[in-house]
Each structure stands twice: as C-alpha cells, then as structure tokens.
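>>> below is the sequence, then the predicted model.
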6 protein chains.
Amino acid sequence: EDVARPVGVCTMMRLPYQESAEGLNAAFIGVPLDTGTSNRPGARQGHCRIFGPRHIRAESAMIRRYNATTRAAPYNSLVVADIGDVNVNLYDLKKSCQRIREAYQKIMGAGCVPLTLGGDHTITYPILQAAAEKHGPVGLIHVDAHTDTGEQALGEKIYHGTPFRRCVDEGLLDCKRVVQIGIRGSCYNCWLKSLVPLMSEVRQQMGDKPVYLSFDIDGIDPSFAPGTGTPEIGGLTTHQALEIIRGCRGLNLVGCDLVEVAPVYDLSGNTALTAANLLFEMLCVLPGVQAC
Amino acid sequence: EDVARPVGVCTMMRLPYQESAEGLNAAFIGVPLDTGTSNRPGARQGHCRIFGPRHIRAESAMIRRYNATTRAAPYNSLVVADIGDVNVNLYDLKKSCQRIREAYQKIMGAGCVPLTLGGDHTITYPILQAAAEKHGPVGLIHVDAHTDTGEQALGEKIYHGTPFRRCVDEGLLDCKRVVQIGIRGSCYNCWLKSLVPLMSEVRQQMGDKPVYLSFDIDGIDPSFAPGTGTPEIGGLTTHQALEIIRGCRGLNLVGCDLVEVAPVYDLSGNTALTAANLLFEMLCVLPGVQAC
Amino acid sequence: EDVARPVGVCTMMRLPYQESAEGLNAAFIGVPLDTGTSNRPGARQGHCRIFGPRHIRAESAMIRRYNATTRAAPYNSLVVADIGDVNVNLYDLKKSCQRIREAYQKIMGAGCVPLTLGGDHTITYPILQAAAEKHGPVGLIHVDAHTDTGEQALGEKIYHGTPFRRCVDEGLLDCKRVVQIGIRGSCYNCWLKSLVPLMSEVRQQMGDKPVYLSFDIDGIDPSFAPGTGTPEIGGLTTHQALEIIRGCRGLNLVGCDLVEVAPVYDLSGNTALTAANLLFEMLCVLPGVQAC
Amino acid sequence: EDVARPVGVCTMMRLPYQESAEGLNAAFIGVPLDTGTSNRPGARQGHCRIFGPRHIRAESAMIRRYNATTRAAPYNSLVVADIGDVNVNLYDLKKSCQRIREAYQKIMGAGCVPLTLGGDHTITYPILQAAAEKHGPVGLIHVDAHTDTGEQALGEKIYHGTPFRRCVDEGLLDCKRVVQIGIRGSCYNCWLKSLVPLMSEVRQQMGDKPVYLSFDIDGIDPSFAPGTGTPEIGGLTTHQALEIIRGCRGLNLVGCDLVEVAPVYDLSGNTALTAANLLFEMLCVLPGVQAC
Amino acid sequence: EDVARPVGVCTMMRLPYQESAEGLNAAFIGVPLDTGTSNRPGARQGHCRIFGPRHIRAESAMIRRYNATTRAAPYNSLVVADIGDVNVNLYDLKKSCQRIREAYQKIMGAGCVPLTLGGDHTITYPILQAAAEKHGPVGLIHVDAHTDTGEQALGEKIYHGTPFRRCVDEGLLDCKRVVQIGIRGSCYNCWLKSLVPLMSEVRQQMGDKPVYLSFDIDGIDPSFAPGTGTPEIGGLTTHQALEIIRGCRGLNLVGCDLVEVAPVYDLSGNTALTAANLLFEMLCVLPGVQAC
Amino acid sequence: EDVARPVGVCTMMRLPYQESAEGLNAAFIGVPLDTGTSNRPGARQGHCRIFGPRHIRAESAMIRRYNATTRAAPYNSLVVADIGDVNVNLYDLKKSCQRIREAYQKIMGAGCVPLTLGGDHTITYPILQAAAEKHGPVGLIHVDAHTDTGEQALGEKIYHGTPFRRCVDEGLLDCKRVVQIGIRGSCYNCWLKSLVPLMSEVRQQMGDKPVYLSFDIDGIDPSFAPGTGTPEIGGLTTHQALEIIRGCRGLNLVGCDLVEVAPVYDLSGNTALTAANLLFEMLCVLPGVQAC
Ligand SMILES: [Mn+2]
Ligand SMILES: [Mn+2]
Ligand SMILES: [Mn+2]
Ligand SMILES: [Mn+2]
Ligand SMILES: [Mn+2]
Ligand SMILES: [Mn+2]
Ligand SMILES: [Mn+2]
Ligand SMILES: [Mn+2]
Ligand SMILES: [Mn+2]
Ligand SMILES: [Mn+2]
Ligand SMILES: [Mn+2]
Ligand SMILES: [Mn+2]
C-alpha cells in the first residue's frame, strides 16, 4: 500500500490493465451498454460521464487483495487483469450484441474466465452465445428480481427483459441445470433465512459441468442496492448475496456477470461498491483459487 | 405493453384519468399538501417542481396489472381511475382541510373507495371527517413511527402531529377498533418477526364493520424509505409492510392513504416506488377484488 | 388562477390535453428519445423516471398566459393544446424515427403547427421529413453549439450528430434559406453583442416561405443551461436566445423544436425552465398571434 | 484568523451571537419562513434540515472583515451581531406575520438597523409595518424579477406575490420614493449596461429620508443565483447587483433584506454565497460606515 | 416546544451552548477533522460548508428530551451542554492531534464526560491519551467494520486506520477489557441475531472500571448508514446498534464518540440522524442517568 | 472515432497513457491533493471516489483533436501523453510537496512541458521549485480570484493561500514578469471587456524568457465554474478565459496548471468540462504547435 488509492489510472481493484485476454486465467471486462433498458436507463452513464463499468471500477479501489472472511487469495492462484471495455455500438442494440459475442469468443477462446461489469441484462444473451460455442449448453445460476424471460416488448425481441428466453430459444442453456434466485412473487420466500441450504442443493444440481453465474443487482433489496433501473421491494440482503456466491465454490464456473448497476440512481456509490465486492467474491470462488 | 413507459400523461399506474369519482369503485387521488409538516417539509415539492403525489405517480409506471405474489387482479373486479388532486390552499392549512373534507364527501358519496397519495399526515383528519359522515365512526389501522396524537404545537391544534387526537375529539373513530403498528418505543417489538400473527388478531378486532387504513411511510425503516420528513431509526421492513397490507384482505376497507413521502429526501426515487407498491397492494385487498 | 400550480395533471403550461391534433392551430408534443445521444444520455430520463418532455412540462407550470415583454397573447389568437408524446421505440433508433415521421405527418396534415419538446437532436430529421412532405423544402433557423452535419459515427448514419446532413441528402431543406447560430468556433462572434441586427438579416433571407426553427439548448452557454449532454463553453446568453426567437416574428413558421434538455444534468430545473420559456416565446411568434 | 472556518457555532460572518438587538447599530436576523411561497418552496428548508437563514449563515463563513473593493470597514464604525431568528409559526402564515412585526418593532425600537436573511418575500410586509411605525412611510428600493403587487392568489391576500400591494394599501410606503429594478418584461432593459447612472438617479429620488432596501435574489439571473423558487430568465448580473447596493451609499437606510434563497435548489451553495456577499455589501453602505 | 425547530442557533439537540466544560456532567463536542481519512474524505465537510459535527447537530433537532423506549431522562440527572468544536489545524494532522489531546485534558479535568461528534477515527487516539492521563488505561468497546490497528500507510503512523495500534503502543488501553464488534470477516457472525447476550458478556468483562465507547458509524450496514467514507457490506443493523449502546447501561463510561459520518455521502441526512440518535442513546446510559 | 467515448481506460482527452515523461514534448499529469484547502475541500475527491484529476479526465472525453476556433492541431506538432498522477501523501501536506517537486524535476528534466490537473493551489509551489531549478526564475501569468500571497494561516506557512508568497521568498519568480488577472477587488475591472488588449501588454512584459501559466478555476465567475471551494462573485467569463490563454500564444511556456476544481461542488460536471477545455487551449498555445 505504498500508493494512495486515488492515484493513477482507474482499473478494477487496481489490477494491471492489458488489451487482450491472452495469458490470463480470469479477466474483468466492462460492457457500457444501457440501450436495452426499458425504464430508467443509466447503466451506461451517470453524472459526469461516469458509465456503469467505470463507476464500479472507481468504487473497487477499496477492495483488498485477499478475502478476510473466506481466506481466499485469488491472486496467488490466478493471473488476473482488467481488459477494458467491449466497444459497443451506442446507436444499434442488435449490432452491439454482435460485437459483445465476438469479444467473448476471443476471451473464452484464450481460456480466460470473464467477470463482466455491466451494462444492462441484455448483454448476458451474447455472452452466453459465446459461452455455449465454447462449452456447449451451460448450467445457469441466475440471481434477479425478474425472470427476464419475456417474449418481446414494443415489438422488439432483444432487450433487458428477454435474454433468457432468447438463450432457451437458441439452446444455449442446459435447462435441467438452471436456477433462479430472488425472483419477486415466487414461492421460495427468502426473508429472514440463510441461503446456505439452498446453495447446497444448487451445487448438487449443477454437478461438475460448466456453469455460468449471472447476477442482476436488482435481485438484492433496494435498501442495499438503490442504484438500479428496475428496483423491486422485498429482495435479498447482501448477507444472502454473499451466501449465494460463496455457495458457488467448487462449481465449474466458466463466466460470471454483475449487471444493471445504474450510476444515476447510485448517489452514495454504495451500489457500485456492493457490485465490486460481489465481483471480488465471484473471483474468489473460481476454479483453482486457494486459501491463504 | 405497446406503449413505452415514459410516454404519455403521467397518471397513477398509467390508469385512465377522469375528473370525478362517478362510476368508480375505487380511485387514486392526490393531496399535494405539506404545510402541516413540522420539520423537513417536502411532501408537496422536491426538485424541479415534483410534488408528493406527482412523484409517486411517476414511479408507479413500473407497477404491473396483477399481483404476482397474491394473484389479485384488481382491474378485473373493480372500475378504477386516477381522479387527480384535491385543490388545496397552499397559504392556509385550515382552509385546505375544509377543501379536502368536501372533496372526500363527494368521492365517498359516489360510492367510491379513495386511495390517497399524500401529502403530510394532517390530511387524514379531514378524510376521516368525510368517512365518518358516510359510515359513522370507523375502525382504524394506523401504521406509523409516531402516534400523531399530540394536543398542539406552536399553539396550533392542526398539523401533522395531531390528526388522530382531533379525530378522537370529534368521535370519528370507533375506539375499540383502533390499532397502531410501527410506533417507535412501543412494547410490541417487531424486529426479526413476521407480522402475520398480529394481523390475524387485527382482523378479529376489526370484524365486518368499516375500517380505514392510514399508512405513514415513516412507519417503515429509513433504510427502506429514506424519503420522508421525520424518519426514525428501528422501523419496519418492507416485507412487514407487505404482511400488514396483505393481512387486511377480508376487511371492510372504506379508504386507505399513504402519506409523508417527501421527494426532496427521496433521491433515488425508491421511497416513492415503495409507496406506489404499497398503494397497489391496498387496491389488491379492497372488498370485491378477485384473484386471477 | 384559482388552482394551485402543483395540483392536477401535468401538461405543458397547464394547457388542456387532447390525443390528436385535430382542430388545433398549434400543439405542444413530446418526443422522449435519447438513444441517438453520443455522450451523456439523459434527454429521455433523469432522476425518478422524469423524462425530457415531462421535465420541461413540470417546469412550464410557471409560464404565464401572456408575454409581459412583447405583449403577445397567443391563446387569444390560436387554439393550442398539449397532445402528449410520440410513442417511440426505445430499443431501435431507426424504427423510432419512422414512428416520429408518421406522427408528424398526421399533425401537419391536420394543419397544426407542432412545437416539439425533445428528446435528442436526432428527432429533427424525421420531423423535417414530414414537414417537407407537407410544405416542400423548408427554410431552417438552426440554433446550436454544433453543426450536426456529420456523415456518421460508430458506423451509424442516424444519431444526434447527423440530422442536418441527412436532411440535405434527402432534399428536405431549401438550402439558400438555412442559417446556423451559436456554432462554437465559427467566425461570427456573438459575445457581448445584440443579435437584433442579425435577425433582421435572417428575416430578409427567409422571406415569406415556410421556415422551421430548431433550437438545441446547447446553443446557449452552459452557465445558463447546464442540463444538456454535450455542453460547450463560450455560448449564447438567454438574452440572445430571446432576441433570436422574438426576431422570428413575421416569419412563416411551420414548426419549432427545443431539443437536448437532459434532466440528469439539470439539477436545479432551470434548464427545463429556460426551455419552457423559449417554447412559449416560439408560440408567441407563430403566424397569427396578436398582442394584447 | 486563528480559528479554522468550520470550527464553532455557525453565525452570520462568524459574528458574535446575542439574543436581543440592545446596544447594536445593526443586526443580522433570520426569518425561516417559506409558507408564503407559491411554487417551489424551500426558503425555509433544504437537504438535511438546512433552512434559508442557516444556509446563508453557513456560506457566510467566507466573507472577510473589510471590503476589498470599496475599502469599507463596517466593524470599525458599527456594533454588529447576529441576533438569531424570528420564532415563526410554521402552521399559520398570518400569525407568523404578526410575530415578525413584533420582533422588528423591538429591533427598530432599540435603534438597530435590521439586515434580514429570508425567508420568502411575504416577510417584507410585516417588516415594513414595523419600519413605518418607527419612521413613517419609507422610501423603497426593490430589486426583484417580479413586482410582488398582486391582489390575491387562491383567495388569500397575504403571500409572497402581494407584499407591496399590502404595503401600499396600508400607507407604509412614501410612493414618490419607490423604485423597482430587475423586473422582467419592463421597459428599462438592463442587459450589458452599467447601473451606476441609474443608481445616481435613485439617490436623487430618495433624498435624505428613510429608505428600505428589499432584495429578492430572483432579481439576479438564474445563471448566477439558481437557488430560488420562482426563477426568471433574462435577469441582472452579480456585477449589477453590486452596483445597485454600492450605489445606495449615502442613503438613509433604515433596513435591508435579502429574500427568496431556496436551499433545495442551491446545490453548489453559490446562491447562498452570493446572498451572504450582498448582505455584507448592504452592511458596508449603512449610514456611518467608514473606509479603512 | 414553543419554538419551531428550524429557529435559532444550531446546537446539539438544541441544548445550551457554552464555551468550556466547567460545571457540566457531560458535554457534546465536535472535532471537524477529516485529514486522517484514506479514501473518501468528507467527515469534515459536505455540501455547502456543512462539516461532520455541524451536520449531526442539524439533524439532532429531531431528538426528544427523554427516551421513549428506555424511559431514560438524562436532563433530569445530568447537567449537559454543547461546548462547540475543537479548534483543529486543517493543514497538519499531527498538530491537530496535539490540540485534541489538550482540549480533552481540560474537559476530563473538569470532571465532564465528553460525547464526541467526529471527525474521522484518528481523533480517538488523542482522546484516549487524555482519558488515560485522567483514568489510567481504560477498557474499550469498539464498534467498527475495521480493526483500525494498522501499523502505517503511505509511511505515516497516524491516520484513521491506526488509532488503536497507537493506543496499544502507548499503553492507553486495559487490553483485557477490549472488545471489537461489527468487524467484517470476523468469526462472530451477527446477522439475524440479537446482541443482548453478547452485551451481557461484555458487561461482565468490563466490570466497574473506566470504559470508553468508540462507535465508528461504518460498523452499521451501509443500507442504514450510507454516509461514510469506507463502507463495508454485511454490517450491523440499527436495532443491533441500539442493543449495543443500551447494553452499556451500568458501565463506568468515561467517554464516548461517534465517528466517520461523511456528509458528502449522506444525501438524505439519515446517517447523521442515526448518529444523533446513537449519541443520545450514549447520553442515556451514562452513569447517574435515571428513568422518568 | 471508431470507439464510443465511454469505452476504455479513462485518460485525459483519450490520449495514450505512459508511466514516465520520457520522449514526450508535453504531458498531462494529475496531482490529487486537497489537504491545503482552507474551506471547502473537494479538489481531491467527490461523489463516488472521483478525485479532481480523474473528474477532469472523465469530462475531457468530449474534447476534439484540433481547435475549431484557432485551427491549432497540437498532436501534429507535439508528442503528448497522459502520465498519470503524482503519488501524493494524503496525511502530510509538506511531504506531499516534496514528492511533487521530485516528480516535476523528472518531467522537466526529460524536456517535457507539464500540463497539470489539480489539486488545490498549494501544488504550484513545488512545481515552481522544479521549474526554477530547470529554467531559473520564471515569469508568471496567474489567473485567480485571490492573490494567494498570504504569509500563513492557522500557524502554517504552506497551504493554498500562500504558494506565491513562498515562491517569492525562495526567488523562484522573475518578479518583473509577474501578472495577476481576475483578482477580485482589484482596480483593473474586467467586466464587459475584451482582454485581448491586456494580453498584448502581457506578451510584451513576458518577452522570450520562460513563463509559467497558473490558472485557478475560481478566477472565472461561479456562474460558469461553480465547482470550486472558494468561489467569489464578480469574476471572469469563459470568453475572457479563452482570450487569456489564446493570448499566451507565442510565449515561451514551460508549464501550465489548472487548479482548484472541486468535484463535490461540480454537480453537472461543467466545471470539469471547462477545465478540460482550458487545458486543451493551453496545449494549443505551447511553443511549436502549428495550425492545421
Ligand atoms: Mn435482469
Ligand atoms: Mn432485474
Ligand atoms: Mn404520521
Ligand atoms: Mn410519522
Ligand atoms: Mn444539436
Ligand atoms: Mn448541440
Ligand atoms: Mn419578490
Ligand atoms: Mn421575485
Ligand atoms: Mn474506524
Ligand atoms: Mn471503520
Ligand atoms: Mn488560487
Ligand atoms: Mn483562488
């Protein structure tokens, strides 16, 4: 800690920056896209030209190098860097999806596990296209207030309310290994409960095969994560969010994302800070990470 | 969903707007009054000329047409509209109370159940005057951090700290059927508890006779609902708020209000969003609403 | 003035709302679109689900019924209403342009002059398509910090940096009758100068034929109008903006717009207030408006 | 300057605080009232319980002990203190006016010149009642965007749009010695002009008899003073505001006020800072102040 | 309650202000220092020149005179005042520490128990120097997300990450009577638990000897207390914070502080309100306070 | 322009980043220091961990590659990069000054002209130490509202009110070639005037010898640049700021800085945008820059 935290180029967790995923075991990557958002845009931008990924990076300066609770020391086991942002097309959502797919084909082709800073939830669709090309249909752990399985809206089939419908349509998911957690109105009531038992079941369900973890920040209650565009009351606590991610330890994770942080509603920065923490926890449960 | 949410005139839950309550079973109505507020005004206004009711209406664009948890489908059973705002007198609190009373006499006279968007808690006093004229003394379920039964302040008998004292003075309440929930410092400690059992008792107490539900948003903890003028730490969770309102199903509700949302302290809009959700839940437990 | 300003449905200048332009001489209409914005989106949204047109409408509650400076009394001469918003497609910019074109074909077909609340500057392109269909190539008074005549960006030909290039490509403008005011870096230095002489020349140039007035709020200096996405220092004063619009009196104006107000950067609301004032001044110089 | 500016009790310009005006030549006094405001309240409050007078006091910590431009050294010539706030009645505007009148009777009775931190413009009416009781009808220099001479609104005769009508009704003003500066829409166009010549005329008009200076911050353009409830574009610059106040040097000033600062719209604090500067300039031109 | 809350000089809980601690049993005192902060400064300042202690004072206007839950009536038993702020040196952190130490030597020398409004956590180090001079090594109840026992950062031994290391180095603590609560990553998991049993153990551990209570607001979860510079997810609830402080009843408390409130991140003011409540609860458990 | 502006690592004007100044003709460099600030800190930080230099970098994404007004094309003539931030010591202002001096010794030793993003004005003192070591006493063009020539404050000789006194004490300035512009209260009244004639005189005074340009953003009026800690009303316009910097064309500039941008007061980001524009204009007048 010889350098003050505000000093220098702003990368995720002050990691080195490199342009490609070559040589990396895992990489943080941003997708500054919010044109798939239906209500309150802002995953891309915010006050003063601070976009979703950049906002999470700024808050991530506080994250430490090892995990004080789980003892995981990811940088002892893995080569990790921040590889910047996908060059999205701000004016055409469908072309952006194509660019995202191509970017992730390269990352996964290099044997690197992407940890994505969204961006709205639309982006998980092209990411899973790339994942299924590499790994075949993948298992999915989807944390969200919403199912995101709509057929269309305003006549469009691609936006942040439909990614998992599109994934099913294209056979990208191993549908017996899909779980959704945090959906509002569902029977499984999470309030005042530890999710450790649930995650034990989930690990059974997922087995050894490839799993993708997609975490929509609105799965968490808006008291903890106000900075998002489609908040829903009655959500998960951050304790439960930690239980979910830590419960993924041992799975064959091939990618993770944290989406729907909208800086414009995140006035204290604490939603981005929560996102940065959760992304660090995801890194800490990747295959091969040892404890210190 | 063929119209994008930001498009068009802003009414509560994108319902039709009409000027009077004629022909309606239930109506949303705003009372943009904050001159009865003692500390941090703002129920009426906020940044950029957004007043309490208007602020709740803006956030209500996200509410769906049926209740995903309880399966209630209010629009299948009831004719509902947004009937705009009471034309309050901004410069004289007592004259405003008179105007509110007259407005609610007409609404209730038309056989319509008013669902009120406040405004500070002063407004419940003239609403209950109109309710008692129509129904006789009513039962009361009062959710609040405060008892609001003060005698006076600064020499004035009418402000947001006294409405229920005034109601008792005038015999508007059936005092054996009055319950207060969420009062800070009271013996009934709600922390880490389901309120389902309490609401079972409340339904017993209320019986079949007319009941009014008055919900001060400050009954909820400020972590969930920061946008209010007299916040008190140690409050209810939104889960508990949902249990309270859903626990009113089966009662003979003749009116409901949601008061004390102060836009100026609601920077993310999530307090108004919570208010809009709670008003929708109130609609879903009105007499006659069927499940889908 | 028997109704308090915060009371009631929020329309432009508290005018009546109607769904179509039938029977109107002039109409205010919103286009809540910001997906053509390159840098700091926000013309569509802002805090708390307040979109560009809605934000301007909220601030417009302060505008009076006649013009204290010019004595114009537009409502004595013209039938005017707020006809709501164009139903844009949030997920496809090109389809939105098509919808805007069709909406304006109807408005202009009804003989109504549209006064548009943007929205980003992309929208002027489909509006001028409709105008040219009705009137043939039109004269243009374009106030802006930027020329907006780019060929493309990110490979796209339609976004807020290209509308006037597209208009020229399609022959929508009478190019001898086009003037741009406020462009930064141009030779005509406006600082510390009255623009009354310039507007006299402009009126000569425009003659009696149809003219469209497109006013990008970023033409004004960011000290007066901070709430926009592409601010440029060294701009016009609001005094000069008034001189420009008042200098259009006598022209054959067939449409006007005020674009690029971005609520998210308009924290005091004063940019929207300025926009509302300028739209009122536009109404006051429409053909047929008499003084009181 | 041995004490850091943020340290200690917050008084106007870090002056001593005392409870009464006894023994003072001049006093700063707050009137935290905004219930006479028609549109955007906030003169009383703001974020975090910061009221108009308190907000101006906070920013006034930057003001120096002598005037670097005019060389006035008010504290060498006058005994000055901050005497706190008038104890207004938040729930009854008319009773507040009575309390203000009584408070100013005492201050002026003690031979002290009040420099008032508003509060909305309603308060000038009871202040001038007290002034006329002491001095007879007074001359008035009124800086404002609005004439504030309305007859009534919403049926009420007392609110911030009517104070000077009430003053004329009651004969409190010496009507031959009344001037209004900054009114929008008036013939005297101030743009790009020094007001030094105007103030020379004003001094002639006022002569040696008692004069009251009432400065509504909305007289200044919203680019300089965004933090107010009824902003109007096309206003005075702060340079001109300084010329107006400095042009009052030599007049028999018996009182001054600075009203309509609304903290909720003053996000940078610079409107309050401007108000604090103008109040200091008023102090510097009181009768008896010498240069250093 | 004959005076409206926004009226008058702003002291802690509207207590009388006096310059020294002479004659007091307990005193509120501010330390407006944030130069020991490593990440997000702001304990000293905030918008509009509102500093940490001043911010807490402003929100404290809502606190009542007795404790509705515990029935404690501190003002019946103790003489209490607000004694203003320590005159810190903003440009030299080490000299500020010296000034704080001297100020607290005087306060404790006068037999007065200081209740401190921070300021960052650095300040507890010089306060404990003064406490140990008076009382010998003291017991410590330390509520925090962090241990604050670092050796150094950026080559400096004194900043907000090291105070308790410095205290141990200098023998200021009775190390067998030290407890830390709320540290993230520690074994004692507080989630969904009452802390009443823990506090019973703590009282046993502390016995009758002098105890100091240092409460870093970041011990509480950021959903309840977002307004701080080093927030950590997964923290205590305000219910638990109340259990901790109320659990100190009966201890020989010789001083208390509440540190790390950063106004700049406390946009609703609710973190300062929580701080004011906790400081009042501390006052209510001081030795000698009786119930009403 | 094939990459969307929000994409990628955030450097000044999207220039390449490199760690040292080797091989560069000019470099942008940040000094994230605000501990020398007396009143409203914030040059270092802001909401969400955005520090002064980082805030300016974020807004600089809008700056184009050549100067539309002056036709300067700096990148055709000079090799320019962003070399990151000086690693300041947040807890010791004097040690930070030493680190800044050493960093600039290296930059200037490499023959590179530093363009500094502050930081508070304290930093110009160690920068000028390094400049004088390299070039001997330099000429100074100092734009500011304040003279910054104080002797001390709170007993400290180094803070943002004293840098030029310290420079004179140490003989770093060629005192016959020093000019201050924008000082409030000075005789040279700039209002409503072009500064082109003044700059002609300044160029005469400066001659061919080395000149340093230090620009405190508070020299500009707070209506244009609200985001600073010690704003003073009655300042320069941005037009005049452009005249000053463009008037430096032809001088032997050996370094430039732009200081005192305080993100916390810059809510729209427009102060940082102004700063970024002014830094670009400085780059455009460096020796050797050709027009396109
Ligand atoms: Mn989702
Ligand atoms: Mn979701
Ligand atoms: Mn209440
Ligand atoms: Mn309440
Ligand atoms: Mn444009
Ligand atoms: Mn433009
Ligand atoms: Mn006025
Ligand atoms: Mn006015
Ligand atoms: Mn701590
Ligand atoms: Mn801590
Ligand atoms: Mn300076
Ligand atoms: Mn300065």
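Cool, the structure landed. Ligands and ions are numbered 1, 2, ... in the order given.

>>> restrict the worst-scoring helix or strand of chain A on mean pLDDT to CA atoms and write it as PDB.
Ranked by mean pLDDT, DSSP states H and E, the weakest helix or strand in chain A is helix A:52-59, scoring a mean of 86. Taking Å, rounded to 0.1, in the frame of the first residue of the first chain, the C-alpha atoms of helix A:52-59 are listed here in PDB:
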ATOM      1  CA  GLY A  52     -21.600   1.600 -15.300                       C
ATOM      2  CA  PRO A  53     -18.300  -0.200 -15.600                       C
ATOM      3  CA  ARG A  54     -16.300   2.900 -14.800                       C
ATOM      4  CA  HIS A  55     -18.500   3.600 -11.800                       C
ATOM      5  CA  ILE A  56     -17.900   0.100 -10.400                       C
ATOM      6  CA  ARG A  57     -14.100   0.400 -11.100                       C
ATOM      7  CA  ALA A  58     -14.000   3.700  -9.200                       C
ATOM      8  CA  GLU A  59     -15.600   2.100  -6.100                       C
END
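
>>> spit out the contact partners of residue A:231.
Residue A:231 makes contact with A:145, A:218, A:222, A:225, A:265, B:268, B:270, B:273, according to CB atoms under 8 Å, 6 or more residues apart in numbering or on different chains. Every C-beta, even on glycine, is put in place using the N, C-alpha and C of the backbone.

>>> and which of the residues you listed is nearest residue E:170?
Among the contacts of residue A:231, residue A:225 lies closest to residue E:170 (CB to CB), at 41.7 Å.

>>> does the closest one really touch residue A:217, like I thought?
Yes: contact criterion CB atoms under 8 Å: residue A:225 and residue A:217 qualify, at 5.0 Å.

>>> quickly list what's touching both of those two.
Residues touching both residue A:225 and residue A:217 (CB under 8 Å, 6+ apart) are A:271, A:274, A:275.

>>> just those: which are in strands?
The strands, defined by DSSP state E, take in nothing from these.

>>> ok, so of those, who is nearest ligand 12?
Nearest to ligand 12 among the shared contacts of residue A:225 and residue A:217: residue A:271, at 35.2 Å, using CB to the ion.

>>> find the nearest non-adjacent residue to the closest one, please.
residue A:227 (3.1 Å; CB to CB, 6 or more residues apart in numbering or on different chains).

>>> how about the contacts made by the one you found?
Going by CB under 8 Å, 6+ apart, residue A:227 touches A:217, A:261, A:262, A:263, A:264, A:265, A:266, A:267, A:270, A:271, A:272, B:268.

>>> can I have the buried ones of those as a PyMOL selection?
Buried residues among those (16 or more other CB atoms under 10 Å in any protein chain shown), as a PyMOL selection:
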select buried, (chain A and resi 217+261+262+263+264+265+266+267+270+271+272) or (chain B and resi 268)
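
>>> let's have the contacts of residue A:227 in a markdown table, adding distance to ligand 10, secondary structure and pLDDT.
Shown next, in a markdown table, are the contacts of residue A:227 (distance: CB to the ion, whole Å; DSSP: H, G, I helix; E, B strand; the rest coil; pLDDT from 0 to 100):
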| residue | distance to ligand 10 | secondary structure | pLDDT |
| --- | --- | --- | --- |
| A:217 | 24 | helix | 98 |
| A:261 | 24 | strand | 92 |
| A:262 | 27 | coil | 86 |
| A:263 | 24 | helix | 82 |
| A:264 | 28 | helix | 79 |
| A:265 | 25 | helix | 83 |
| A:266 | 21 | coil | 85 |
| A:267 | 21 | coil | 80 |
| A:270 | 14 | helix | 92 |
| A:271 | 20 | helix | 95 |
| A:272 | 19 | helix | 93 |
| B:268 | 24 | coil | 83 |
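
>>> go back to the contacts of residue A:227 and keep what's next to ligand 8.
For ligand 8, no contacts are drawn from the contacts of residue A:227 by CB under 5 Å from the ion.

>>> just the contacts of residue A:227 now: which is nearest ligand 12?
Closest to ligand 12 out of the contacts of residue A:227 is residue A:267 (28.5 Å), distances taken as CB to the ion.

>>> surely that closest one touches residue E:267?
Yes: using CB under 8 Å, residue A:267 is in contact with residue E:267, at 5.2 Å.

>>> mind listing the strands for chain A?
Taking DSSP E as the criterion, chain A carries its strands at A:26-30, A:80-85, A:113-117, A:138-143, A:173-181, A:210-216, A:252-259.

>>> and the residue of the stretch 1-150 of chain A that's closest to ligand 5?
Residue nearest to ligand 5 within the stretch 1-150 of chain A: residue A:91 (15.2 Å; CB to the ion).

>>> wait, that residue touches residue C:159, no?
Yes: the pair residue A:91 / residue C:159 is scored as a contact, 4.8 Å apart, by CB under 8 Å.

>>> could you tell me which residues touch both of the two?
Common contacts of residue A:91 and residue C:159 (CB under 8 Å, 6+ apart): C:36, C:93, C:153.

>>> is the last one in a bridge, and if so with what?
Applying DSSP bridges to residue C:153 yields these beta-bridge partners: residue C:156.

>>> distance of it relative to ligand 6?
From residue C:153 across to ligand 6, the span is 14 Å (CB to the ion, to the nearest Å).

>>> wait, which of the shared contacts of residue A:91 and residue C:159 is closest to ligand 2?
Of all the shared contacts of residue A:91 and residue C:159, ligand 2 sits closest to residue C:93, with 23.7 Å by CB to the ion.

>>> interface residues of chain A facing ligand 1?
Contacts of chain A with ligand 1, taken as CB under 5 Å from the ion, map to A:121, A:144, A:148, A:216.

>>> including neighbour count, pLDDT and distance to chain F, could the residues you listed go into a markdown table?
Shown next, in a markdown table, are the residues of chain A next to ligand 1 (neighbours: other CB atoms under 10 Å in any protein chain shown; pLDDT from 0 to 100; distance: CB to the nearest CB, whole Å):
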| residue | neighbour count | pLDDT | distance to chain F |
| --- | --- | --- | --- |
| A:121 | 29 | 95 | 18 |
| A:144 | 25 | 98 | 24 |
| A:148 | 25 | 96 | 24 |
| A:216 | 26 | 98 | 21 |
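
>>> ok, which of those also contact ligand 12?
Counting by CB under 5 Å from the ion, nothing from the residues of chain A next to ligand 1 sits close to ligand 12.

>>> could you export the residues you listed as a markdown table, including distance to residue D:170?
Below are those laid out as a markdown table (distance: CB to CB, whole Å):
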| residue | distance to residue D:170 |
| --- | --- |
| A:121 | 65 |
| A:144 | 66 |
| A:148 | 67 |
| A:216 | 64 |
